[in-house]
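Visitor: no sequence on this one, just coordinates:
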């Protein structure tokens, strides 16, 4: 079983890579560990554990236009963000566009039907193999306990991801009797029945409780940020507790999980989500060996090699309606600096742009929401903002030119010299026209959407290599606040919001209570965690309607979504926002069919 799973992973990886380069096949993945090696030494068990962790940032398929389905970050983007009313990904390709338009939720065939299922059960099956062998591993008993705790954490994480996509929300659980997933706790893939919501929850709870006890008994610590530890386990536990309305326990676990992980400063927040900082509990390793073209950052960081230059990618944009609600509350909120919005148009040079100009097709290309190279003065304004917001350590033109620099482009296009745009030369009309011409002729010149994010960054020279947050203290403090508010512990919730937002803006104090406090927590959760794979899952958990409003020319009261993504989805849509179990699973697992056809 273990060898079979890993051979499948290796062959899948190989198929996905050969379309671009064979360089990434020179080293075998670390998870190619035999059954004997797992059971014979702590080192073998540790290598197997690393293999499970690394399955969160490898390629899962060969579909180039879908960017290979590259693990946890991909899962966050396409299941947690793309369908949400907060993320306007207007540059996505084919089936990705259908995912954003909620079309895949009701289908049981195709990549987006089966990818989440495959991803979750791959983690679970690998964890089961390790757990089946770990108790007999010779060596330091404390190290064995620590590895077992990590494997239990990973298995529980796999089930959480599956419940978020295929499971019912709390209100739809039929008192816990709703069928949802196949429960596997031992190696093997024989046909097995769907079990109830309560049975899945009981197993997840047990895995976390056992893991936390073993972490404490072991006294060991992790050595790599991609490994789970007791803080990660408690943080992930808080996610499922929130989903299950177990408010007191969710508050406790979230609070304990973030111990030792202070909320990052405003300066750190805008320093580029591409390298882990002191707030991040769990994140991927830099992985230049395996991912290359299909790394998450290559297509979805704001400066990735394919971020916005091709229709199959998309750096992503924030919903204008969400942005404006936050901005109008406090214009000094540092989070607002990271998005291309009307308040930036005259930031460096006053070209006389007004907010309403963002709804003018002479400035915005309606079919893509692109604003770059449509109007030369807006192009100059975008260039100044993009270069100003670029964090230290990144090329200041990489968001605009997808890895190329202005000197390279000028040499190739004009054969002459052109100074980089700044607030002085961008006041010269001739310079502005020349700059637009240079960008227009540039290989790799990008599109910049209305609402374009500058939150996530990557190493453009390494095809988008970057670290990505899987869990951080900002999420946990908001979980603690939400759980406290649901228990009418308004003072605790207020303190959480004040602690978070005092690191994002000045002069913020929350004194709200009751339902108004709950709405405040939800609003700031949407803004704080934008693009981190939380939004759609939270809307589902809150049991509320998701509404997407489209861009309408000359109507500044409208939003910035394309017409194809317009929609209002009440909580009953698609059986309570549940993806269909993949047909491939139902064809293989005939027990499921007999249950579903009753």
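Guide: In hand now; what should we look at? Source: prediction; values computed, not measured. Residues are numbered from 1 along each chain as shown.

Visitor: What separation is there between residue 221 and residue 262?
Guide: 18 Å (Cβ to Cβ, to the nearest Å). Every C-beta, even on glycine, is put in place using the N, C-alpha and C of the backbone.

Visitor: try residue 180
Guide: Separation of residue 180 from residue 262 (Cβ to Cβ): 37 Å.

Visitor: Also residue 475?
Guide: Distance, residue 475 to residue 262, by Cβ to Cβ: 14 Å.

Visitor: And the lengthiest helix in the chain, how far out from the chain middle?
Guide: Ordering each helix of the chain by length in residues (DSSP state H) puts helix 141-166 first. Put simply, helix 141-166 sits 20 Å off its chain's centre (Cα atoms, centre = their mean, to the nearest Å).

Visitor: elements contacting it?
Guide: When contacts are defined as 3 or more Cβ pairs under 8 Å, 6 or more residues apart in numbering; DSSP states H and E, helix 141-166 sits against helix 42-54, helix 111-134, strand 179-182, helix 197-218, helix 230-243.

Visitor: returning to what we had before: look at residue 475 and residue 262 and report which has more neighbours.
Guide: Neighbours were counted for residue 475 and for residue 262 using other Cβ atoms under 10 Å; residue 475 has more, 25 against 12.

Visitor: Tell me what angle the helix or strand containing that one forms with helix 230-243.
Guide: Assessed by DSSP states H and E, residue 475 sits inside helix 473-486. Angle, helix 473-486 to helix 230-243, by axes from the mean of the first three to the mean of the last three Cα atoms, to 10 degrees: 40 degrees.

Visitor: Which helix or strand lies directly C-terminal to helix 473-486?
Guide: That would be, after helix 473-486 and using DSSP H and E, helix 490-501.

Visitor: So for that following helix, what gets flagged as buried?
Guide: For helix 490-501, burial by neighbour count (16 or more other Cβ atoms under 10 Å) applies to 490, 492, 493, 494, 495, 496, 497, 500, 501.

Visitor: Local confidence estimate at the fourth one?
Guide: Residue 494 is assigned a pLDDT of 98 by the prediction.

Visitor: how near is the closest residue to it other than its chain neighbours to residue 279?
Guide: Nearest non-adjacent residue to residue 494, counting by Cβ to Cβ, 6 or more residues apart in numbering: residue 510, 4.7 Å away. Counting by Cβ to Cβ, the separation of residue 510 from residue 279 is 20 Å.

Visitor: Show the average pLDDT along the longest helix of the chain.
Guide: Here the average pLDDT along helix 141-166 is 98.

Visitor: shouldn't residue 102 be in contact with residue 85?
Guide: No: using Cβ atoms under 8 Å, residue 102 is not in contact with residue 85; the gap is 10.8 Å.

Visitor: Looking only at neighbour counts, state which of those two leads.
Guide: residue 85 (24 against 19).

Visitor: Distance check, the more buried one against residue 378.
Guide: Distance, residue 85 to residue 378, by Cβ to Cβ: 26 Å.

Visitor: Just give me the neighbour total for residue 328.
Guide: Residue 328 has 8 nearby residues by other Cβ under 10 Å.

Visitor: Buried residues of the strand or helix carrying it, list them for me.
Guide: Per DSSP H and E, residue 328 falls inside helix 320-329. Going by neighbour count (16+ other Cβ under 10 Å), the buried part of helix 320-329 is 320, 321, 322, 323, 324, 326, 327, 329.

Visitor: repeat for stretch 164-176
Guide: 164, 165, 166, 167, 168, 169, 170, 172, 173.

Visitor: Please apply the same query to stretch 428-441.
Guide: Going by neighbour count (16+ other Cβ under 10 Å), the buried part of stretch 428-441 is 431, 432, 434, 435, 436, 438, 439.

Visitor: Show me those that map onto helices.
Guide: Per DSSP H, the subset of those in helices is 431, 432, 434, 435, 436, 438, 439.

Visitor: surely the third one meets residue 421?
Guide: No: applying Cβ under 8 Å, one finds residue 434 not in contact with residue 421, separated by 10.4 Å.

Visitor: Next, the contact list for residue 135, please.
Guide: Contacts were defined as Cβ atoms under 8 Å, 6 or more residues apart in numbering; by that measure residue 135 touches 144, 148.

Visitor: any idea how far it is from residue 211?
Guide: As defined by Cβ to Cβ, residue 135 lies at a distance of 14 Å from residue 211.

Visitor: quick revisit: which one of the buried residues of helix 490-501 sits closest to residue 110?
Guide: residue 500 (38.7 Å; Cβ to Cβ).

Visitor: and the gap between the closest one and residue 528?
Guide: Going from residue 500 to residue 528 by Cβ to Cβ gives 7 Å.

Visitor: do residue 343 as well
Guide: According to Cβ to Cβ, residue 343 and residue 528 sit 19 Å apart.

Visitor: ok, these two, which is more surrounded?
Guide: Neighbours per residue (other Cβ under 10 Å) separate residue 343 from residue 528, with residue 528 holding more: 21 against 15.

Visitor: so that one makes contact with residue 503?
Guide: No: assessed by Cβ under 8 Å, residue 528 is found out of contact with residue 503, at 10.2 Å.

Visitor: So for residue 66, what's the pLDDT?
Guide: pLDDT, residue 66: 54.

Visitor: hey, which of the helices and strands packed on helix 141-166 is tucked in deepest?
Guide: helix 230-243 (a mean of 25; mean count of other Cβ atoms under 10 Å).

Visitor: who touches that helix?
Guide: 149, 153, 156-157, 160, 163-164, 169-170, 201, 204-205, 208, 211-212, 215-216, 228, 247, 249-250, 253-254, 256-261, 281-282, 471, 475-476, 479-480, 482-483, 541.

Visitor: Now the element after it, going C-ward?
Guide: Using DSSP H and E, the helix or strand that follows helix 230-243 in sequence is helix 247-257.

Visitor: Which neighbouring elements make contact with that following helix?
Guide: Checking 3+ Cβ pairs under 8 Å, 6+ apart, helix 247-257 ends up next to helix 230-243, helix 473-486.

Visitor: on that earlier part again, name the nearest of the ones in helices among the buried residues of stretch 428-441 relative to residue 307.
Guide: The closest of those to residue 307 turns out to be residue 439 (Cβ to Cβ; 15.5 Å).

Visitor: Check the gap between that closest one and residue 504 for me.
Guide: 33 Å.

Visitor: Tell me the buried residues in stretch 584-598?
Guide: 585, 586, 589, 592.

Visitor: mind checking how far it is from the chain centre?
Guide: Its chain's average C-alpha position is 31 Å from that of stretch 584-598, according to Cα atoms, centre = their mean.

Visitor: What is the end-to-end distance of that stretch?
Guide: 19 Å (Cα to Cα, to the nearest Å).

Visitor: avg pLDDT for that stretch?
Guide: Mean predicted confidence for stretch 584-598 is 88.

Visitor: Stretch 105-125 too?
Guide: Stretch 105-125 comes out at a mean pLDDT of 91.

Visitor: Please give the centre-to-centre distance between that stretch and its chain.
Guide: Its chain's C-alpha centre and that of stretch 105-125 lie 17 Å apart, by Cα atoms, centre = their mean.

Visitor: shaky segments in the chain?
Guide: Within the chain, the ranges that satisfy pLDDT under 70 run 1-35, 61-69, 91-95, 287-293, 308-314, 402-417, 442-445, 460-462.

Visitor: what about residue 536, helix or strand, and which?
Guide: Counting by DSSP H and E, residue 536 is found in helix 535-542.

Visitor: What angle do helix 320-329 and that helix make with each other?
Guide: Here the directions of helix 535-542 and helix 320-329 differ by 80 degrees (the same axes, to 10 degrees).
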